[in-house]
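**Q** fold the following.
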Amino acid sequence: MQQKPQIGIMGAGSIGCYLGAKLLSGNVPTRLIGRASLGQELTTQGLTVSLLDGSKLSIPPAKVDFETQPEHLADCDVVLLTVKSTDTESACLSLQPVLKQGTVVVSFQNGVRNAARISQLLPQAQVIAGMVPFNVVKTGVGSFHNGTSGSLIIGQSPYAARVVTPFHLAQLAIDIHPDIQGVLWGKLIFNLNNAINALAGVPLREELSDKRYRRIVAAAMREALRMMKAAQIKPLRLGKMIPWLAPSILSLPDFLFFKVAAGMVKIDPQARSSMWEDLEKRRRTEIDYLNGEIVRLGQAHNMPTPVNSTIVALLRQAEEAQQGSPGLSAEALWQQIQQKS
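**A** Numbering: from 1, shown residues only. Next up, the predicted model:
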């Protein structure tokens with residue numbers, strides 16, 4: 001008989017499986033909810049996560065507690081919501097009749113609005129906004145790779161200890177921040193590159209090693225910072241990653257950029273954005289919750305957003321084409337942006 005789960009993961013994709021593997025390796029009773037096809041992989045082949053430092057975590061099939069229906073989270077004290085922002089509402093509607101009063105629900109999702117929406121849809125839950133700074137992609141059957149560095153952050157809450165304690169047992173670095181919305185807006189600045197990387201179709205390190213791509217990322221960030229200033233939104237730094245300095249750092253000559261960036265974040269050669277993975281798997285992306293958020297700010301303040309509007313339009317075209325990444329060169333992408341400016 002399986003042990004009662006302490007933590008449930010709703011939406012066991014790349015991030016959910018990474019967190020699940022870490023928690024299970026720390027002997028924290030954890031149940032994953034996800035697609036039947038993934039469950040078949042994990043319960044027959046096990047769950048393997050390769051880490052940035054070259055090490056691996058391997059969870060044998062017998063230790064993987066995987067289900068496909070949300071009712072199996074009824075006994076959990078904490079539920080981590082790791083579905084795409086596009087699926088927040090449907091996930092919460094399926095959890096409404098399931099979760100007990102006082103269940104802590106942590107949104108480990110991209111975007112800035114998920115926690116507020118979850119609170120509306122799950123009134124019985126204690127909702128905490130969270131931020132995942134690192135990148136995880138699926139690399140094979142039951143296998144995932146963590147390709148960038150960073151510590152998890154959750155918002156300040158009387159219930160934060162229910163999350164932090166088991167995470168520390170599992171050696172998952174996690175911090176509590178008093179202004180999680182500022183943190184999420186800060187992360188959004190850096191997440192604007194997700195779409196650019198997806199359109200380019202190359203690994204993150206290769207993309208950021210090319211000053212021509214960096215020029216586009218910097219332009220998207222500068223535009224976003226202008227919109228946030230107009231909306232009186234203050235994005236906060238993520239450790240050494242400082243949103244308001246990022247465009248200038250990206251604009252440095254290659255030799256200086258490499259030196260400065262190396263001290264900010266670690267990226268291995270395999271790392272790619274989750275949006276690239278979505279295009280490759282013909283799934284709907286989170287473009288509306290990332291670059292689209294900047295476009296909405298511009299519309300609300302009657303300010304043009306040619307860079308992010310172009311990126312949103314190109315991503316939607318790629319979604320509709322259902323052919324994976326379009327593999328746009330930096331020159332082709334920049335030319336399209338210039339036509340809108």
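**Q** which ones are touching Gln101?
**A** The neighbourhood of Gln101, defined by CB atoms under 8 Å, 6 or more residues apart in numbering, consists of Gln124. All C-beta spots, glycine's among them, are computed from the backbone N, C-alpha and C.
**Q** before we move on, what about Gly130?
**A** The contact partners of Gly130, taken as CB under 8 Å, 6+ apart, are 80, 106-109, 152-155, 180.
**Q** just name the closest of those to Ser309, please.
**A** The shortest approach to Ser309 among the contacts of Gly130 belongs to Gln109, at 23.3 Å (CB to CB).
**Q** burial count for the residue nearest to that closest one when sequence neighbours are not counted?
**A** Among residues not flanking Gln109 along the chain, Ser85 sits closest, at 5.4 Å (CB to CB, 6 or more residues apart in numbering). By the measure other CB atoms under 10 Å, the count of residues near Ser85 is 20.
**Q** reformat the contacts of Gly130 as a markdown table; add neighbour count.
**A** Conversion of the contacts of Gly130 to a markdown table gives the following (neighbours: other CB atoms under 10 Å):
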| residue | neighbour count |
| --- | --- |
| Leu80 | 28 |
| Val106 | 31 |
| Ser107 | 29 |
| Phe108 | 22 |
| Gln109 | 29 |
| Leu152 | 19 |
| Ile153 | 24 |
| Ile154 | 24 |
| Gly155 | 21 |
| Ile180 | 22 |
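**Q** please flag which of the residues you listed sit within strands.
**A** Here DSSP state E is the test, and the contacts of Gly130 give 80, 106-108, 152-155 as lying in strands.
**Q** which residues does the residue nearest to the spatial centre of the chain contact?
**A** Per CA atoms, centre = their mean, the C-alpha nearest to the average position across the chain is that of Asn110, at 4.6 Å. Asn110 sits next to 84-85, 187-188, 191, 194, 274, 286, 289-290 when contact means CB under 8 Å, 6+ apart.
**Q** which one (most neighbours) among those?
**A** Compared across these, Leu290 has the highest neighbour count, 27 neighbours, by other CB under 10 Å.
**Q** I figured it hits Leu188, correct?
**A** Yes - with contact taken as CB atoms under 8 Å, Leu290 and Leu188 are classed as touching, separated by 6.5 Å.
**Q** now for the two: what residues contact both?
**A** When CB under 8 Å, 6+ apart defines a contact, the residues bordering Leu290 and Leu188 alike are 110-111.
**Q** dump the contacts of Gly130 to JSON lines, plus pLDDT.
**A** What follows is the contacts of Gly130, written out as JSON lines (pLDDT from 0 to 100):
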{"residue": "Leu80", "pLDDT": "98"}
{"residue": "Val106", "pLDDT": "98"}
{"residue": "Ser107", "pLDDT": "98"}
{"residue": "Phe108", "pLDDT": "98"}
{"residue": "Gln109", "pLDDT": "97"}
{"residue": "Leu152", "pLDDT": "97"}
{"residue": "Ile153", "pLDDT": "97"}
{"residue": "Ile154", "pLDDT": "98"}
{"residue": "Gly155", "pLDDT": "98"}
{"residue": "Ile180", "pLDDT": "98"}
